[in-house]
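**Student:** got a structure for you, letters missing:
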DNA sequence: CTGTTAGCGCCTTCAG
DNA sequence: CTGAAGGCGCTAACAG
């Protein structure tokens, strides 16, 4: 920086002034031009560490995730957060946590030590989290999860409305006997989606208690097994709603084996709109999209604009239905089996 | 830090000495203990920015990815790199790039400005990369890709051996007529795997030219379509080898529709060992595992131990075969159709 | 064994 | 409109 000043024939402070336009200083156009030229010829770039030391802003946002490798949505969250943070001139320090509380605390300490300007906590399963109080002064936001006492503002998918939307995809096509193959029964999302499903059923003038509901585990195998079981029972429903797209793939497999065509013989809907899966199976799967990308963008925006202070405890983002080809009107008679 | 020194009755340098054990200084045990106590009661933690300014080491490694959201392997790479970097006391600054060269340069500049101690370039499709020379002094490593003139050491999956392993899964079971449904023809990985496939065929005393080879696109839909097409042709092979696991899922779907059982009627192998997919379909898919996690760990280790200087241009990590249930000996007669 | 001193590279009052 | 000076929090010679 001194070098730049020397080359431009000004002091280093002047260089600083032109580099940080905002500094309440006014610089003559000629000087500015000379400085900028010197910057260019020297290929000078300010050292962010030094700047951070002085300004106490590091232009760095911490993103702590759990199970980053386990879930296919981590990428969408990182991408969304990165994009808005980057547009704001900051970068993302990504750390992964196991579920173990000690690691969480260590990770947060490390982030606070840098220090980062803010912290985004991304939880992959919308679980409850307990958070160390080490993040005293650091603005923090929870993405896709919530804390016990709403200690930290959170952004979540509106899973209840999502469950409702998924059911309505089927109801609107005329289905009245729907099997809901849910995900892991313990998960927050599963319970919320189920409530949405039941609400949609009741809204349609039907009795939620009449529908068949089976608990799966969000994996392909449970969609497969549960569907096979359904096929052995009397009164096969005209449609299957799955806990997620992977379970729907399992259902596709079981249905194909049984010689049942989708959607002619039976309709299927998924959940998640998982990349490279939902849109690519045959027929393309109607589903409901999880807003990981949008949540991450939203959270990052709050954080870079410094607006986490006035945020409500929870903000819900919609899970829009996506209509593809796996839903049709139910057959008049009973579906013809294999 | 001055506060700590005051409380412990020593100077701030002494505090620094006890905090950085290594500093070539010796400290009496009594002093050390007093300092440590003061640190504890004050809950003091050194500011890494200040330390970084002084030491020119920021304990930060840049990880630049492309298409982080697009591929399911990004998580494994981030996780692997994070784990070893974290164990070494560093953190990961993750930035995403589009394919556009300008963005790449901006991203690298930003990383160099911090400065980061090293940069890991993770490419998601083993493509060639062109790299800006802005990363003058920063040790850099390429993960899952390579540069035009081997300008930067790279770690890659041994795709040729992987293709060979996948084919051998089938050959060892006795298959002699294998259809290979490849991924995108343009990709480096596709060509390498194909070479491995052909080598395995020749090694088995067969003629590679006799096998049917069709180009797909790595997505479920192409596995489905290509398999359906195969089923309309005379001389159905006894086994299908797929470009990746998603294509194998497409093959499963098409085979199930046709009433063909896996592996009784026809065997299938995938590639990637994609999480939550390969192991979960029915029957569980035999495949070959891509070593993203291992490559990331390996690369991170080189970088934190400062050993990138003496590295060969390319290091190949194995793609181990994983045997599950989708391969069996071929039927004696022609497979029985639907 | 411990304290003093001088910066790391930048920003920002305060004078001129 | 520009320059001088001080300091952000820490480390590393160098004295003592």
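**Tutor:** Cool, got the structure. Computed from a predicted model, the values in this text were never measured in an experiment.

**Student:** in chain A, which spans are helices?
**Tutor:** Here chain A has its helices, by DSSP state H, at A:2-8, A:12-19, A:29-42, A:48-55, A:74-87, A:101-113, A:159-172, A:188-203, A:220-232, A:245-257, A:292-304.

**Student:** enumerate the positions of the first one that are buried.
**Tutor:** Under the neighbour-count criterion of 16 or more other C-beta atoms under 10 Å in any protein chain shown, helix A:2-8 has A:4-5, A:7-8 buried. The way it works is simple: take the backbone N, C-alpha and C, and place the C-beta from them, glycine included.

**Student:** for the helices of chain A, which one sits closest to residue B:105?
**Tutor:** Of all the helices of chain A, it is helix A:74-87 that lies closest to residue B:105, at 13.8 Å by C-beta to C-beta.

**Student:** and the stretch 151-300 of chain A, which residues reach chain B?
**Tutor:** A:219-221, A:224, A:246, A:249-250, A:252-254, A:256-257, A:259, A:275-277, A:280-282, A:293 (C-beta under 8 Å from any C-beta of the partner chain).

**Student:** what about 6 Å?
**Tutor:** A:219-221, A:224, A:253, A:256-257, A:280-282 (C-beta under 6 Å from any C-beta of the partner chain).

**Student:** if you tally nearby residues, what's the number for the closest residue to residue A:277 other than its chain neighbours?
**Tutor:** Nearest residue to residue A:277 in three dimensions, chain neighbours excluded: residue A:245, at 5.3 Å (C-beta to C-beta, 6 or more residues apart in numbering or on different chains). Using other C-beta atoms under 10 Å in any protein chain shown, the number of residues around residue A:245 comes to 27.

**Student:** what does residue A:229 give?
**Tutor:** Using other C-beta under 10 Å, residue A:229 has 13 neighbouring residues.

**Student:** go on, the one 5 residues further on?
**Tutor:** The burial metric for residue A:234, expressed as a neighbour count using other C-beta under 10 Å, is 5.

**Student:** re the thing from before, mean pLDDT and distance to residue B:237 for the helices of chain A - can I get that in TSV?
**Tutor:** Below are the helices of chain A laid out as TSV (pLDDT from 0 to 100; distance: least, C-beta to C-beta, whole Å):
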stretch	mean pLDDT	distance to residue B:237
helix A:2-8	86	68
helix A:12-19	87	66
helix A:29-42	88	63
helix A:48-55	90	58
helix A:74-87	94	35
helix A:101-113	86	49
helix A:159-172	98	39
helix A:188-203	97	42
helix A:220-232	97	25
helix A:245-257	97	20
helix A:292-304	97	40
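
**Student:** out of the ones you listed, deepest packed?
**Tutor:** helix A:245-257 (a mean of 27; mean count of other C-beta atoms under 10 Å in any protein chain shown).

**Student:** what does chain A put close to DNA strand C?
**Tutor:** By the rule C-beta under 7 Å from any atom of the strand, the part of chain A lying against DNA strand C is A:1, A:12-13, A:16-17, A:19-20, A:23-25, A:45-47, A:50-51, A:53-55.

**Student:** repeat the analysis, applying 6 Å as the threshold.
**Tutor:** A:1, A:12-13, A:16-17, A:19-20, A:23, A:46-47, A:50-51, A:53-55 (C-beta under 6 Å from any atom of the strand).

**Student:** thanks again, I'm all set now.
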